[in-house]
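Peer 1: Sequence and predicted structure below; questions after.
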Amino acid sequence: MDSTLIFLLQVCLALLAGGLAAYYLKTALTGILVDLCGTVGRADFWWRTSAILLLGLPLLLVLFFAANPVFSDPALALRDAFRLSLIGVLVAVGLLSRRIWKHIPTPVALPQHATGVESNEEVTPCAS
């Protein structure tokens, strides 16, 4: 298999992995960002920034660390690209989750008479 074709497949694999993660998170992340940012415009900016991170990190890892298709078996080169893309997506989602988690307000315990719950458990409006 031609090394240029393998390289293009590695790049496509990285972009596909990041793109699928961004597509999967778009609805949920947009809702959270609107709540945290206050306006749709601000949330859209942070969504686009998040999408760039989700697309860019897997691609960056593949471009820097994937096996060179000239010196490696094509199957191993693609396996490396898949592995690095997965690592990139997981790291990007972890970074995004950590940053968003820090900005979510700590839930306040509601009084028992307001919730109608008769147990000694602390009730929070946003279970996390």
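Peer 2: Perfect, I can see it now.
Peer 1: can you give me the helices in this structure?
Peer 2: With helices called from DSSP state H, the chain shows them at 3-37, 40-65, 74-103, 112-115.
Peer 1: His103 and Cys37 touch, don't they?
Peer 2: No: in this structure His103 lies outside contact range of Cys37 using CB atoms under 8 Å: 9.4 Å. For the C-beta atoms, the positions are set from N, CA and C on the backbone; glycine is no exception.
Peer 1: And these two? Which one has more around it.
Peer 2: Neighbours were tallied for His103 and for Cys37 using other CB atoms under 10 Å; the higher tally belongs to Cys37 (16 against 11).
Peer 1: Chain neighbours aside, what residue packs nearest to the more buried one?
Peer 2: The spatial neighbour of Cys37 that comes closest, neighbours along the chain excluded (CB to CB, 6 or more residues apart in numbering), is Ala43 at 4.6 Å.
Peer 1: Correct me if wrong: the one you found contacts Leu33.
Peer 2: Yes: with the criterion set as CB under 8 Å, Ala43 and Leu33 qualify as a contacting pair; they are 3.7 Å apart.
Peer 1: Understood, closing this out.
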